[in-house]
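J.: I need the structure of the sequence given here:
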Amino acid sequence: LLSLSCIFQMDTTQESYLDLFPLDAIVYLTPDSENGKYYIDPNKVYVLGGLVDESIHKKLTLQRAQEQCLQTARLPIREYMVKTVNTKNYHSETLAINQVFDVLSTYYETRSWPAALKAGVSSGKGYVLPDAVK
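T.: Reported below is the predicted structural model:
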């Protein structure tokens with residue numbers, strides 16, 4: 001669970017986020033959502049969907065959120081970044097939980113998606129900011 005406030009607060013608990021917060025306050029972040037998130041609402045609770053192996057469990061986090069009737073969102077990687085040419089032709093919007101946290105915390109501090117995405121999306125994902133393309 002991630003609650004962004006003036007000071008970042010992260011709590012761990014054995015309880016389900018479904019038992020702790022009203023459904024309309026929860027936003028499940030998943031790279032499979034069609035909703036590219038353009039702002040962070042400090043009144044919402046963001047669940048960072050995490051998996052060990054993205055290739056085996058495609059769309060599992062989106063499916064989980066839909067089953068729980070939760071709002072979903074994804075980071076606006078497609079909206080602010082471009083695919084780079086690379087030898088593996090590899091492009092992935094799936095980030096590790098620490099990378100998502102870096103993006104969210106940088107966005108919260110700067111209110112700049114380009115700065116936030118630069119802080120959390122490594123070039124190894126196959127995406128860069130447009131000004132980085134040569």
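
J.: helices or strands up against the helix or strand bottoming out on mean pLDDT in the chain?
T.: The least trusted helix or strand in the chain, going by mean pLDDT, DSSP states H and E, turns out to be strand 45-48, with a mean of 87. If contacts are counted by 3 or more Cβ pairs under 8 Å, 6 or more residues apart in numbering; DSSP states H and E, strand 45-48 sits against strand 26-29, helix 97-110. Where C-beta positions appear, they are placed from N, C-alpha and C, glycine not excepted.

J.: Glu67: which of those is closest?
T.: strand 26-29 (10.5 Å; Cβ to Cβ).

J.: now for the closest one, which elements pack on it?
T.: Counting by 3+ Cβ pairs under 8 Å, 6+ apart, strand 26-29 packs on strand 45-48, helix 60-67, strand 71-73.

J.: could I get these in TSV, plus columns for mean neighbour count?
T.: What follows is the helices and strands packed on strand 26-29, written out as TSV (neighbours: other Cβ atoms under 10 Å):
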stretch	mean neighbour count
strand 45-48	19
helix 60-67	16
strand 71-73	20
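
J.: report the spatially nearest residue to Val47, omitting neighbours in sequence.
T.: Leaving out its chain neighbours, the residue that sits closest to Val47 by Cβ to Cβ, 6 or more residues apart in numbering is Tyr28, at 4.7 Å.

J.: the one you found is in contact with Lys44, isn't it?
T.: No. Assessed by Cβ atoms under 8 Å, Tyr28 is found out of contact with Lys44, at 10.5 Å.

J.: more neighbours, the two?
T.: Neighbour comparison, Tyr28 and Lys44: the larger count goes to Tyr28, with 22 against 17 (by other Cβ atoms under 10 Å).

J.: report the separation between the more buried one and Ser112.
T.: 24 Å (Cβ to Cβ, to the nearest Å).

J.: could you do Glu34 as well?
T.: For Glu34, the distance to Ser112 - Cβ to Cβ - is 23 Å.

J.: more neighbours: which of these two?
T.: Taking Glu34 and Ser112 together and counting by other Cβ under 10 Å, Ser112 has the greater number of neighbours (13 against 8).

J.: thinking again about what came up before, what's the closest of the helices and strands packed on strand 45-48 to Leu20?
T.: Proximity to Leu20 (Cβ to Cβ) singles out strand 26-29 among the helices and strands packed on strand 45-48, at 9.1 Å.
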